[in-house]
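Asks: The sequence isn't on hand, but the structure is:
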């Protein structure tokens, strides 16, 4: 088929801006919306959903109502498999969940065909199972336990909701995740206060946390460096 329009759910504005070339800004429902063209023939609409399953589900349903040729969940992810490092790109062949209200998703032939048409290098991406979790996995112990129980390559907090919305709407679905924190990287809990539910970053709370625990800065610097590697990889998805 010939792709004319795709839709993307990205949790954070930095992820969306890394993905979307020369966007026009607007809104869809209560969410920020980026629109533009990936190429001369393909349009995109990207909603910045914010973090978590509820917001991702709402954003995906708004995009499905536009009847795109493909809907995608794209963003950063925590690595679970030992061979994945910061900046590695993973394409989901299936997505599980630790949320009982969501059924597992498995890619069909049509999903693969349209993703390959959109992204010629799709077949070269490392592919495997991803898992969506209700809460972030911050420690190497938690990541190891999730990998052992799920056999997933990486973990996120939104993809299964987007996959379910696409399935219900009868729209092909694809998912790409860039590893931001690998299986050997623990994330300080204080880092969570720097991002609100809408996906916006807030510097003030982080600075207060550093003032209370100065050593935190030495934990945040490598986390930030790895996140930058993930964003750089996202920028290559549609190129």
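Replies: It's in. Owing to the predicted nature of the structure, the values given are computational and were not obtained by experimental measurement.

Asks: any idea how far the closest residue to residue 51 other than its chain neighbours is from residue 191?
Replies: Excluding its sequence neighbours, the residue lying closest to residue 51 (CB to CB, 6 or more residues apart in numbering) is residue 11, at 5.2 Å. Bear in mind the C-beta positions are built from the backbone N, C-alpha and C, glycine included. As judged by CB to CB, to the nearest Å, residue 11 and residue 191 stand 15 Å apart.

Asks: Who has more neighbours out of those two?
Replies: Ranked by neighbour count (other CB atoms under 10 Å), residue 11 and residue 191 place residue 11 first, with 27 against 20.

Asks: so what's that one up against?
Replies: By CB atoms under 8 Å, 6 or more residues apart in numbering, residue 11 lies in contact with 48, 49, 50, 51, 55, 56, 75, 157, 158, 199.

Asks: Kindly recompute the last result at 6 Å.
Replies: Counting by CB atoms under 6 Å, 6 or more residues apart in numbering, residue 11 touches 49, 51, 75, 158, 199.

Asks: Surely the fourth one touches residue 57?
Replies: Going back to what we said before, that points to residue 158. No - distance between residue 158 and residue 57: 8.5 Å, which falls outside the contact criterion (CB atoms under 6 Å).

Asks: neighbour-wise, which of the two wins?
Replies: Neighbour totals were compared for residue 158 and residue 57, and residue 158 leads with 28 against 20 (other CB under 10 Å).

Asks: how many neighbours does the nearest residue to that one once chain neighbours are set aside have?
Replies: Closest residue to residue 158 apart from its sequence neighbours, by CB to CB, 6+ apart: residue 56 at 3.6 Å. The number of residues packed near residue 56 is 29, by other CB under 10 Å.

Asks: ok, now which ones touch residue 56?
Replies: 9, 49, 158, 161, 162.

Asks: Tell me how far the third one lies from residue 58.
Replies: Separation of residue 158 from residue 58 (CB to CB) stands at 11 Å.

Asks: Report the central residue of this structure.
Replies: In the chain, the C-alpha nearest the mean C-alpha coordinate belongs to residue 75, at 2.6 Å (CA atoms, centre = their mean).

Asks: would you say it is within a helix?
Replies: No - using DSSP: H, G, I helix; E, B strand; the rest coil, the assignment for residue 75 is strand, not a helix.

Asks: Tell me which residues touch it, please.
Replies: 10, 11, 15.

Asks: May I ask which helix or strand of the chain has the lowest mean pLDDT?
Replies: Ranking every helix and strand in the chain by mean pLDDT, DSSP states H and E puts helix 203-212 at the bottom, with a mean of 85.

Asks: Show me what counts as buried in that helix.
Replies: Buried residues in helix 203-212, counted by 16 or more other CB atoms under 10 Å: 205, 206, 209.

Asks: and if you look at stretch 83-94?
Replies: For stretch 83-94, by 16+ other CB under 10 Å, it's 84, 86, 87, 88, 89, 90, 91, 92, 93, 94.

Asks: contacting residues around the top helix by length along the chain?
Replies: The residue-count maximum for a helix in the chain (DSSP state H) belongs to helix 216-234. Here helix 216-234 makes contact (CB under 6 Å, 6+ apart) with 18-19, 76, 86-87, 89, 178, 180-181, 187-188, 190, 209-210.

Asks: Apply 7 Å and report the result again.
Replies: For helix 216-234, the external contacting residues (CB atoms under 7 Å, 6 or more residues apart in numbering) are 14-15, 18-19, 74, 76, 86-87, 89, 178-181, 185, 187-188, 190-191, 209-210.

Asks: Then stretch 34-47?
Replies: In contact with stretch 34-47 (CB under 7 Å, 6+ apart) are residues 3-10, 16, 19-26, 28, 31, 33, 59, 62-63, 66, 238.
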